[in-house]
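>>> curious how this folds, go ahead:
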Amino acid sequence: MTDAGSTIDPTRPSIARVYDYLLGGKDNYAVDRQVGDVFKRDLPGSVAIAFANRSALTRAVREIATTTQVRQFIDLGSGLPTADNVHQVAQRHAPESRVVYVDTDPQVLVHGRALLEANDRTRVVAADVRNPGDIRSHPDTRELIDFDAPVAVMFSAILHHVNDEEDPAGIVRYWAERVPSGSYFFVSHFRSGNNPETAEAEQVLQKTFGRGRWRTDGEIESLLDGLEILDPGIVPAPLWRPDATDNAWAASGDRELTVWERLIAAGLARKV
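Prediction:
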C-alpha cells in the first residue's frame, strides 16, 4: 500500500503493478517485473493465484447483479484496470449499477480515472482501505452511493495486505455497521496451506512490501463475523461457484486443484 495522493515512483515495486504483470498487463515497471519474476521463476504455478482471484471476483459481481436488487458497489483496493472490471461486469447485467473504486496507488488512480472518464456511474477515490471513514465521507462516494440502500462491498485480494495489528476484521465491521440489511460482502484472501509454497510466497511479499499475511479458513471466516456466509462458504477461489464460463482449471470436479490454486480463498456474505 502507498499513501493516497503520492506520486508514481518507478524505482519502488507496487502491489498493484506486480499483480498487473502477473495477469499479463503492461502497466508495470522493471522493478515490478523483478518481483513478479520471483513468483514466475522460483514459485512456478503461483501465477494461478492471480487468475483464480480475478475469476472469482467476476463471478461474485455477476451473481450479485443478476440475483439481487443491489445496484451499488464499493471496490476496495481495486488495483489497475484490467478486463472485466467490477463496473463492466455489473453494468453488463444491470446498466444502472454504480461503482466506486478505491485505491492508494497513484498509477491506479491515473489509469482508472482515464478509463472511467465517460462513465457517469463510476468514481475512483484516492483513499486507504485502512481508513474506511475517509472513504465513506469522500465527496465522490457520497455522490454515488446511497447508504440507505443495500451496498456490495468488495474486498478482493486486499485484506491479506492488512497486517493483524491493523485490524482487518475491524475494517469489515466498520462497513457492516454502516450499510443496511441486504448488503453483500465479497472477500478473497491468501489462504494458508501450511506448506513450503505458502511460507516462501509470504516471505517474498513481506520482504518486498513489509506486508502480506496468509490466513487460515477459520481466520478468514472470522473477518466476516456477524454476517451470513453464503454457500459454499470460504473455499479455494476456483471452487467458489464455478461455471462453464471459467477457465478449464477453474471448473470444479474436472481435476484436482494445484497447491497454488488452493492458496487463494473466496467467499460471499450477506448482512441479514
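
>>> could you give the number of residues near the residue nearest to T68 when sequence neighbours are not counted?
Nearest non-adjacent residue to T68, counting by Cβ to Cβ, 6 or more residues apart in numbering: Y184, 6.9 Å away. Just so you know, the C-beta spots here come from the backbone N, C-alpha and C atoms, and that holds for glycine as well. Using other Cβ atoms under 10 Å, the number of residues around Y184 comes to 24.

>>> show me where this structure has its strands.
72-76, 98-103, 122-126, 152-156, 184-190, 228-229, 235-236, 264-270 (DSSP state E).

>>> by how many degrees do the first one and strand 98-103 diverge?
Orientation of strand 72-76 against strand 98-103 (axes from the mean of the first three to the mean of the last three Cα atoms, to 10 degrees) gives an angle of 10 degrees.

>>> would you list the strands of the chain in CSV and tack on distance to D32?
Shown next, in CSV, are the strands of the chain (distance: least, Cβ to Cβ, whole Å):
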stretch, distance to D32
strand 72-76, 21
strand 98-103, 15
strand 122-126, 20
strand 152-156, 19
strand 184-190, 19
strand 228-229, 34
strand 235-236, 26
strand 264-270, 20
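
>>> among those, which is nearest P10?
For P10, the closest of these is strand 98-103, at 17.6 Å, according to Cβ to Cβ.

>>> longest helix of this structure?
If you go by DSSP state H, the chain has its longest helix at helix 48-67.

>>> how about the residue nearest to T68: which residues does it bridge to?
For Y184, the beta-bridge partners are A152, R270 (DSSP bridges).

>>> lowest confidence element among the helices and strands of the protein?
Sorted by mean pLDDT, DSSP states H and E, the helices and strands of the chain end with helix 106-115, the least confident at a mean of 74.

>>> in that one, what's buried?
106-109, 111-112, 115 (16 or more other Cβ atoms under 10 Å).

>>> also stretch 141-155?
Those would be 141, 144-145, 150-155, for stretch 141-155 by 16+ other Cβ under 10 Å.

>>> quick one: that stretch to chain centroid distance?
Mean-position distance between stretch 141-155 and its chain equals 17 Å (Cα atoms, centre = their mean, to the nearest Å).

>>> show me where pLDDT drops low in the stretch 151-272 of the chain?
210, 244-255 (pLDDT under 70).

>>> first to last residue in stretch 13-27, what's the distance?
12 Å (Cα to Cα, to the nearest Å).

>>> among the buried residues of stretch 141-155, which one sits closest to S46?
Using Cβ to Cβ, the buried residues of stretch 141-155 come closest to S46 at F155, 21.1 Å.

>>> what residues are up against the residue lying closest to the closest one once chain neighbours are set aside?
Residue nearest to F155 in three dimensions, not counting chain neighbours: V187, with 4.6 Å by Cβ to Cβ, 6+ apart. Residues near V187 by Cβ atoms under 8 Å, 6 or more residues apart in numbering: 155-156, 159, 172, 220, 223-224, 234, 266-269.

>>> how about 7 Å then?
Shown in contact with V187 (Cβ atoms under 7 Å, 6 or more residues apart in numbering): 155, 159, 220, 223-224, 267.
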